[in-house]
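[1] test case, fold it:
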Amino acid sequence: SRLFWSLCGQLSSKAKYHGYTLSKDDWRTLMVSGIKKEMRIVPSLNNDGIVALDRSSANLTVAEMAACIELIEAWAATNGVELVRTMEGYE
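    Purely as a prediction, here's the structure:
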């Protein structure tokens, strides 16, 4: 979990996604959605967008967390973002 959050933090400071600068939490949501097969979305409360439900990293299994970390590292490599496998500085 600490490595996962460290990598998400590094992405937030080093990468853009489709031109957007994303927060560490945004990267978490994006990467978790990349491994979870189901998707539940609902309209936002003020009806100006949508909200994805069930995208928590807290209830991931060890295998799912490992898959998320692999996905992060693969995305970073494909997009020229250099990440360091550290668990410090981004908790």
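
[2] lowest-confidence helix or strand of this protein?
    Least confident helix or strand, the chain: strand 50-53 with a mean of 80, by mean pLDDT, DSSP states H and E.

[3] what packs against that strand?
    Contact here means 3 or more CB pairs under 8 Å, 6 or more residues apart in numbering; DSSP states H and E; on that basis strand 50-53 packs against strand 40-43. Heads up, the C-betas are built off the backbone N, CA and C, glycines and all.

[4] output the strand it packs on as CSV, restricted to C-alpha atoms.
    Extracted in CSV, the C-alpha atoms of strand 40-43 (Å, rounded to 0.1, in the frame of the first residue of the first chain):
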residue,chain,number,x,y,z
ARG,A,40,-20.8,1.8,-11.1
ILE,A,41,-21.4,5.4,-12.0
VAL,A,42,-24.1,7.8,-11.0
PRO,A,43,-25.0,11.4,-11.8
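
[5] let's number from 15 now, not from 1
    All right, first residue 15 from here; so that's strand 54-57.

[6] quick one: buried residues of that strand?
    By 16 or more other CB atoms under 10 Å, strand 54-57 has no buried positions at all.

[7] what's in contact with it?
    Residues from elsewhere that reach strand 54-57 (CB atoms under 8 Å, 6 or more residues apart in numbering): 63-68.
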